[in-house]
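Trainee: give me a model of this one.
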Amino acid sequence: MTQGQSAWLRASGLGLIILMMSVLMAGCASRPSNTTPTATKKWVGFTEKGQASYYGAKHQGKKTASGEPFKQELKTAAHKTIPFGAMVKVTNVENDKSVVVRVNDRGPFVSGRIIDLSSSAFNAIGSTAKGMLKVEIEVIK
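Mentor: Numbers count the residues shown, from 1 in each chain. Prediction:
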């Protein structure tokens with residue numbers, strides 16, 4: 001083997017390693033596992049009762065835990081464990097009004113609160129003037 005052939009083999013071997021690492025890294029960059037449809041399906045039927053709060057204007061445009069920008073005009077929510085993308089029916093137990101939201105953030109991290117709603121979702125079932133509502137949530141999709 002000549003010196004040129006040896007250098008070529010070393011270079012092509014390094015190129016192959018770099019290519020393989022790129023492919024592996026690209027696979028790691030896919031969406032988080034808790035957003036897969038199968039993970040969400042396992043949650044369908046899950047219910048919980050507690051307090052709902054809302055977040056609005058000061059969070060507008062900031063990144064949520066899922067990476068999406070927060071938009072208070074959309075019907076979205078934050079929950080500690082329900083997978084991103086899950087659709088959740090939130091019912092105000094005092095007036096029986098409901099709204100369906102999509103989980104795209106994590107929280108709330110305040111004792112007694114089970115879900116944070118966008119202000120538009122909160123307004124659909126109660127008044128933001130109250131600040132909190134007694135709710136029951138159910139994962140529907």
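
Trainee: which parts of the chain are helices?
Mentor: Shown for the chain, the helices assigned by DSSP state H span residues 3-28, 37-43, 119-125.

Trainee: chain center to the last one: distance?
Mentor: On the basis of Cα atoms, centre = their mean, to the nearest Å, helix 119-125 is displaced by 19 Å from the centre of the chain it belongs to.

Trainee: give me the mean pLDDT for it.
Mentor: This predicted structure assigns helix 119-125 an average pLDDT of 97.

Trainee: now do stretch 89-97
Mentor: Computed over stretch 89-97, the mean pLDDT rounds to 98.

Trainee: how long is that stretch end to end?
Mentor: Across its full length, stretch 89-97 reaches 10 Å end to end, with Cα to Cα, to the nearest Å as the criterion.

Trainee: name the residues that touch that stretch?
Mentor: Contacts with stretch 89-97, where a contact means Cβ atoms under 8 Å, 6 or more residues apart in numbering, come from 49, 52, 77, 98-101, 115, 117, 121, 124-126, 133-138, 140. Where you see a C-beta, it was placed from the backbone N, CA and C, and this is true even at glycine.

Trainee: if we go to 6 Å?
Mentor: 98-101, 125-126, 133-138, 140 (Cβ atoms under 6 Å, 6 or more residues apart in numbering).

Trainee: from these, pick the one nearest Gly61.
Mentor: Taking Cβ to Cβ as the measure, Val101 is the one of the contacts of stretch 89-97 closest to Gly61, at 18.7 Å.

Trainee: my read: Val135 touches Ala52, true?
Mentor: Yes. Between Val135 and Ala52 there is a contact at 4.3 Å, judged by Cβ atoms under 6 Å.

Trainee: list the contacts of Val135.
Mentor: With Cβ under 6 Å, 6+ apart as the criterion, the residues that contact Val135 are Ala52, Val90, Asn92.

Trainee: at 10 Å instead, please
Mentor: Val135 makes contacts with 48-53, 89-94, 97-99, 113-115, 117, 122, 125-126, as judged by Cβ atoms under 10 Å, 6 or more residues apart in numbering.
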